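J.: predicted model and sequence follow; I will ask about them next.
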Amino acid sequence: MNVTGGSYVTNGTGSPAIYSTADISVDGATLTANASEAVVVEGKNSVTLNNVILSGNMQAGTDTSENVQNIMLYQSMSGDAEVGHSSFTATGGSLFANAGDMFYVTNTTCTISLTNVVLT
């Protein structure tokens, strides 16, 4: 999937701006997840951002062991996504983690590539 331009906002818990079970590329957009991680990449899939302003604000649940993150790369083993190497690439733009860790990786191998990206 390729997306060019625009402004996209999610407001629900568990509603990332991008949930990838495919290869997704976004160019020149603003993505905001007000109550969730900003991006989730599941399994052998990828997200590529070019000059994107990305912001996540995942809310901690009542379980104190819950991880809070902005960008998650993982394999759920639910069968929703093919098992394999995950990838997140950003060139230009900004990544804002309003709560928790910028990146969280579990149950997969991955590549994270950032070029000229502002991290906050």
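T.: Nice, thanks for sending it over.

J.: might you report the residue contacts of the spatially most central residue of the chain?
T.: The chain has V39 as the residue nearest its centroid, 1.6 Å off, counting by CA atoms, centre = their mean. Listed by CB atoms under 8 Å, 6 or more residues apart in numbering, the contact set of V39 reads 16-20, 31, 47, 54, 56, 70-72, 88. Using the backbone N, CA and C atoms, a C-beta is placed for each residue, glycine as well.

J.: ok, G84 touching V41?
T.: No. Using CB atoms under 8 Å, G84 makes no contact with V41, being 11.1 Å away.

J.: off-centre distance for stretch 16-24?
T.: In terms of CA atoms, centre = their mean, to the nearest Å, the centre of stretch 16-24 is set 7 Å apart from its chain centre.

J.: what is the end-to-end distance of it?
T.: 14 Å (CA to CA, to the nearest Å).

J.: for that stretch, give the mean pLDDT please.
T.: Across stretch 16-24, pLDDT averages out at 94.
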